[in-house]
Structures are given as structure tokens and as C-alpha cells.
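All I have is the shape, not the residue letters:
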């Protein structure tokens, strides 16, 4: 038996168990559990198809009012990475450490994170009026946004200019995303006190705020750095080895 094939057998077996358990997990819910659950995928796709400008060319969120232009620096950084990659290939230099696979991932993540954020804002998925508490879609938007931010910053390869080891990027990204998450949550809390009369009352609950900080700094760092290392560092080594 091929050695590489034998190494993959445990992963294939465990993946098969996961797939089977996913089906069991889904079908063990009684039909009544799905009656009041919105079809989020259908609503999201309908929003993207019917309102593409609102989906991709605005970001309607943020304390202190509506942040409507956040998509501009996001798209600017995407284009910057692509341009520096193409120019670097022509001049045989690396201005940022990326691969074509990473650029595809970055653009896909950016388009999804922005449109999903806007769909959530449009449909009011952030708040559950029945529970008088944040809705669970709020969790996913607080993961995808810092994940995208980290993915945009990681390729700048500060270790190339500061003499770091690549592993320090994990610490650096955690600190950067931690500062942003804390600043955002502080602004939300202050915003409620400064502008108490709003169409829809909102209170920044401490535990929900802590959850958002953990997702922003912790999960955002893990996802952005892990995917970067898989798509750039590991694939780069494979290309060099095969070449």
C-alpha cells in the first residue's frame, strides 16, 4: 500500500464519521424546531442577487452612527496585495508574501464577509426580540469581520523588515485585533450612553461584549494566521520541493 495513502486513512475515516454525525445531528431535531427558523442562506443569496450594490459597496454598521465607507480600505488592501504580487513576479521580488491561492482566498473571504455583514444588518439578524438579547447570527459576523481584517494584514511580512520569526506574527495579530476589538466595544458602550434615544434600544451587555472581544482577538487571529500559513508558507515549501 502506498505510504501516503495509508497516512490519509485515519483522516478519511474520521471525516466520514463527522459527515454521518452531521446528518444525525440535523435529522434528530423535531420538525417544530425549524418552523420559526429563517432560511438564512436563501435570504442572504436573495439579498446579494437583488441588491448587489448594497451587498458589496457599503458596510452599514458601527457605533456612533453608520460606517458606510469601510469597504473602501478593504478593497484597497485587496487590490494592493494583488498589484504587489504581480509587480513582484515581474521584478522577481516579494513586497508582500502571498501566493495566487491566498489571493483567491482573500478576495472570496472579503466579498463574503462584507455582503454577509450587510445582509445581517439589512434583515436585523443581530438582535433577537423574543429573548431581548443578541441573535446568534451576531456571532458569525463577529468572527468573519476580524478574520478578514487579519487576513488583509498578515501578508505584509513585517518579519522581513523587522527581523522577526514568522511565529511572532500570531502574537502581533492578536495584539492588533485585541486593540481593535476593545476599542470597538468601548465605543459601542459609550455610544449607548451618548445617544440613548434610538429607534431600536440597544444595550452592550458585558458578557456579550466579552464574547465579541474573544472572537475578534482570539478566533480572528487563529483563522487569519492559520489559513495564511497553510496557503502561503506550507504551499510555498511544497512548490520549492517539487521544483
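Sure, I can see it. The shown structure was predicted, so the numbers you read here are calculated from the model rather than taken from an experiment.

Return the residues in contact with residue 177.
Shown in contact with residue 177 (CB atoms under 8 Å, 6 or more residues apart in numbering): 146, 149, 150, 216, 217, 220, 221. Every C-beta, even on glycine, is put in place using the N, C-alpha and C of the backbone.

from those residues, which is closest to residue 88?
Of all the contacts of residue 177, the one sitting nearest residue 88 is residue 150; the distance, using CB to CB, is 21.6 Å.

On the three-state scheme, that closest one is what?
helix (DSSP: H, G, I helix; E, B strand; the rest coil).

ok now do it, which residues does it touch?
When contacts are counted by CB under 8 Å, 6+ apart, residue 150 touches 173, 176, 177, 220, 221, 223, 224, 225.

ditto for residue 189
Contacts for residue 189 (CB under 8 Å, 6+ apart) come out as 204, 209.

any chance you could read off phi and psi for the residue nearest to residue 128 when sequence neighbours are not counted?
Taking CB to CB, 6 or more residues apart in numbering, and ignoring the residues beside it in sequence, residue 128 has residue 135 as its nearest neighbour in space, at 4.3 Å. For residue 135, the backbone dihedrals (degrees, to the nearest 10) come out as phi -80, psi 160.

How many residues are close by residue 135?
18 (other CB atoms under 10 Å).

Max pairwise distance over the contacts of residue 150: which two?
Of all pairs drawn from the contacts of residue 150, the one with the largest separation by CB to CB is 176 and 223; the distance is 14.2 Å.

picking that back up, compare the contacts of residue 150 and tell me which is most surrounded.
The most neighbours, when the contacts of residue 150 are compared by other CB under 10 Å, belong to residue 220, which has 28 neighbours.

residue contacts, that one?
If you count contacts by CB under 8 Å, 6+ apart, then residue 220 has 143, 145, 146, 147, 149, 150, 173, 177, 181 around it.

Can you tell me how far it is from residue 176?
Applying CB to CB, to the nearest Å, one obtains 10 Å for the distance of residue 220 from residue 176.

quick one on the thing from earlier: closest to residue 94 out of the contacts of residue 150?
In terms of CB to CB, no member of these lies closer to residue 94 than residue 225, at 18.5 Å.

so the closest one touches residue 176, yeah?
No. Contact criterion CB atoms under 8 Å: residue 225 and residue 176 do not qualify, at 11.4 Å.

May I ask which helix or strand encompasses the nearest residue to residue 148 once chain neighbours are set aside?
Sequence neighbours aside, residue 113 is the residue nearest to residue 148 in space, at 4.2 Å (criterion: CB to CB, 6+ apart). Take DSSP states H and E as the rule and residue 113 turns out to sit in helix 100-123.

Can you point out the buried residues in that helix?
Buried residues in helix 100-123, counting neighbours by 16 or more other CB atoms under 10 Å, are found at 102-103, 105-106, 109-111, 113-121, 123.

Do you have the helices of this protein handy? List them.
Per DSSP state H, the chain has helices spanning 3-27, 40-50, 52-56, 71-91, 100-123, 137-153, 158-162, 168-194, 206-213, 220-228, 235-242. These are given in chain order.

Contacts for the third one next, please.
What that stands for is helix 52-56. 47, 48, 60, 71, 111, 114, 115, 118, 119, 122.

Mind doing that once more with 10 Å?
44, 47-49, 60, 71, 75, 110-111, 114-119, 121-122 (CB atoms under 10 Å, 6 or more residues apart in numbering).

Poorly predicted segments of this protein, please.
1-4, 61-68, 131-133, 157-161, 163-164, 192, 194-203, 235-243 (pLDDT under 70).

Give the closest residue to the residue nearest in space to the middle of it in space, chain neighbours not counted.
The C-alpha lying nearest the average C-alpha coordinate of the chain belongs to residue 144 (CA atoms, centre = their mean; 2.3 Å). The spatial neighbour of residue 144 that comes closest, neighbours along the chain excluded (CB to CB, 6+ apart), is residue 113 at 4.3 Å.
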